[in-house]
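Engineer: just need the structure, nothing else, for what follows:
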Amino acid sequence: MRVALLNQFYPPDVAPTGQALQDLARAATARGHEVHVFHSRASSARTGMAGKALDYASYAARLALAARRLPRPDVIVVLTTPPYLGLLASFVPRWRGVARVEWVMDVYPDVLAAH
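Structural biologist: Okay, the predicted model is just below:
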(Lines give C-alpha, C1' and ligand atoms only; values in the text may rest on other atoms or scores of the structure.)
Protein backbone atom coordinates (compact mmCIF):
# COMPACT_ATOMS: atom_id res chain seq x y z
CA MET A 1 0.00 0.00 0.00
CA ARG A 2 1.21 3.50 -0.80
CA VAL A 3 0.83 5.81 2.22
CA ALA A 4 1.22 9.60 2.36
CA LEU A 5 1.87 11.11 5.79
CA LEU A 6 1.22 14.85 6.17
CA ASN A 7 2.39 17.00 9.05
CA GLN A 8 4.36 20.20 9.27
CA PHE A 9 6.85 18.69 11.70
CA TYR A 10 9.10 15.66 11.37
CA PRO A 11 12.51 14.79 12.84
CA PRO A 12 15.02 16.21 13.28
CA ASP A 13 12.40 18.72 14.51
CA VAL A 14 11.60 17.92 18.14
CA ALA A 15 7.84 18.54 17.93
CA PRO A 16 6.00 15.56 19.49
CA THR A 17 3.69 15.14 16.49
CA GLY A 18 6.69 14.70 14.23
CA GLN A 19 8.19 12.11 16.55
CA ALA A 20 4.92 10.13 16.57
CA LEU A 21 4.69 10.38 12.79
CA GLN A 22 8.22 9.04 12.42
CA ASP A 23 7.25 6.03 14.54
CA LEU A 24 4.27 5.39 12.26
CA ALA A 25 6.42 5.79 9.13
CA ARG A 26 8.97 3.31 10.41
CA ALA A 27 6.31 0.77 11.41
CA ALA A 28 4.51 1.04 8.06
CA THR A 29 7.78 0.73 6.14
CA ALA A 30 8.76 -2.33 8.20
CA ARG A 31 5.45 -3.92 7.18
CA GLY A 32 6.29 -3.41 3.52
CA HIS A 33 4.26 -0.27 2.75
CA GLU A 34 5.60 2.49 0.52
CA VAL A 35 5.63 5.61 2.70
CA HIS A 36 6.02 9.25 1.64
CA VAL A 37 6.24 11.92 4.34
CA PHE A 38 5.31 15.51 3.47
CA HIS A 39 6.76 17.85 6.08
CA SER A 40 8.13 21.35 6.32
CA ARG A 41 11.79 22.25 6.19
CA ALA A 42 11.23 24.86 8.90
CA SER A 43 11.54 23.98 12.54
CA SER A 44 8.94 24.62 15.20
CA ALA A 45 11.02 27.55 16.52
CA ARG A 46 9.17 30.37 14.72
CA THR A 47 7.09 32.54 16.93
CA GLY A 48 4.50 35.20 16.41
CA MET A 49 1.43 35.13 14.25
CA ALA A 50 3.16 36.37 11.09
CA GLY A 51 5.98 33.82 11.33
CA LYS A 52 3.59 30.93 11.85
CA ALA A 53 1.34 32.11 9.02
CA LEU A 54 4.35 32.25 6.71
CA ASP A 55 5.39 28.73 7.74
CA TYR A 56 1.86 27.42 7.14
CA ALA A 57 1.60 29.06 3.71
CA SER A 58 5.02 27.85 2.55
CA TYR A 59 4.23 24.32 3.74
CA ALA A 60 0.93 24.31 1.85
CA ALA A 61 2.65 25.48 -1.34
CA ARG A 62 5.39 22.86 -1.06
CA LEU A 63 2.78 20.18 -0.36
CA ALA A 64 0.84 21.06 -3.52
CA LEU A 65 4.02 20.89 -5.62
CA ALA A 66 5.18 17.62 -4.09
CA ALA A 67 1.77 16.01 -4.55
CA ARG A 68 2.05 16.49 -8.30
CA ARG A 69 5.40 14.68 -8.53
CA LEU A 70 4.77 11.56 -6.45
CA PRO A 71 2.50 8.62 -7.26
CA ARG A 72 -1.10 8.79 -6.07
CA PRO A 73 -1.35 7.30 -2.56
CA ASP A 74 -3.83 4.63 -1.45
CA VAL A 75 -4.32 6.37 1.89
CA ILE A 76 -3.40 9.75 3.35
CA VAL A 77 -2.76 10.20 7.07
CA VAL A 78 -3.20 13.85 8.01
CA LEU A 79 -2.13 15.36 11.31
CA THR A 80 -3.34 18.73 12.60
CA THR A 81 -0.37 21.00 11.93
CA PRO A 82 -0.80 23.32 10.20
CA PRO A 83 -4.45 23.90 11.12
CA TYR A 84 -6.93 22.75 8.47
CA LEU A 85 -4.33 20.52 6.82
CA GLY A 86 -6.99 17.89 6.15
CA LEU A 87 -9.09 20.46 4.35
CA LEU A 88 -6.08 21.62 2.33
CA ALA A 89 -5.30 18.03 1.34
CA SER A 90 -8.82 17.61 -0.02
CA PHE A 91 -8.14 20.39 -2.54
CA VAL A 92 -5.21 18.56 -4.15
CA PRO A 93 -6.86 17.21 -7.32
CA ARG A 94 -4.78 14.01 -7.44
CA TRP A 95 -5.85 13.18 -3.89
CA ARG A 96 -9.60 13.49 -4.36
CA GLY A 97 -11.27 10.20 -3.62
CA VAL A 98 -8.24 8.83 -1.76
CA ALA A 99 -8.98 7.37 1.68
CA ARG A 100 -7.97 9.87 4.36
CA VAL A 101 -7.30 9.38 8.06
CA GLU A 102 -7.36 12.43 10.35
CA TRP A 103 -4.92 11.83 13.22
CA VAL A 104 -5.95 14.29 15.92
CA MET A 105 -3.66 14.28 18.95
CA ASP A 106 -5.03 17.38 20.62
CA VAL A 107 -8.04 15.70 22.23
CA TYR A 108 -7.73 14.79 25.88
CA PRO A 109 -10.84 12.90 27.06
CA ASP A 110 -9.09 11.94 30.30
CA VAL A 111 -8.83 15.64 31.21
CA LEU A 112 -12.59 16.05 30.76
CA ALA A 113 -13.24 12.99 32.94
CA ALA A 114 -10.84 14.26 35.60
CA HIS A 115 -12.68 17.56 35.89
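Engineer: make sure V37 is indeed in a helix.
Structural biologist: No: using DSSP: H, G, I helix; E, B strand; the rest coil, the secondary structure at V37 is strand, not a helix.
Engineer: count the neighbours of L24 for me.
Structural biologist: For L24, the neighbour count with other C-beta atoms under 10 Å is 17. In this view, the C-beta of every residue, glycine as well, is placed from N, C-alpha and C.
Engineer: quick one: the helix or strand where it lies to chain centroid distance?
Structural biologist: Assessed by DSSP states H and E, L24 sits inside helix 16-30. The gap between where helix 16-30 is centred and where its chain is centred comes out at 11 Å by C-alpha atoms, centre = their mean, to the nearest Å.
Engineer: over the helix ranked longest in the chain, what's the mean pLDDT, rounded is fine.
Structural biologist: Longest helix in the chain by number of residues (criterion: DSSP state H): helix 49-69. Helix 49-69 carries an average pLDDT of 86.
Engineer: could you do stretch 72-85 as well?
Structural biologist: In the prediction, stretch 72-85 has an average pLDDT of 90.
Engineer: flag every buried residue along that stretch.
Structural biologist: Judged by neighbour count (16 or more other C-beta atoms under 10 Å), stretch 72-85 contains these buried residues: P73, I76, V77, V78, L79, T80, T81, P82, L85.
Engineer: the nearest residue to the fifth one once chain neighbours are set aside: neighbour count?
Structural biologist: Distances taken as C-beta to C-beta, 6 or more residues apart in numbering place N7 nearest to L79, at 3.8 Å, with adjacent residues excluded. Close neighbours of N7, defined as other C-beta under 10 Å, add up to 27.
Engineer: please report how far the closest residue to P82 other than its chain neighbours lies from L85.
Structural biologist: Spatial nearest neighbour of P82, chain neighbours left out: Y56 (3.8 Å); criterion: C-beta to C-beta, 6+ apart. Distance of Y56 to L85, given as C-beta to C-beta, to the nearest Å: 9 Å.
Engineer: between these two, which contacts overlap?
Structural biologist: Contact criterion C-beta atoms under 8 Å, 6 or more residues apart in numbering; residues shared by Y56 and L85: Q8.
Engineer: between the buried residues of stretch 72-85, which is nearest Q19?
Structural biologist: L79 (11.5 Å; C-beta to C-beta).
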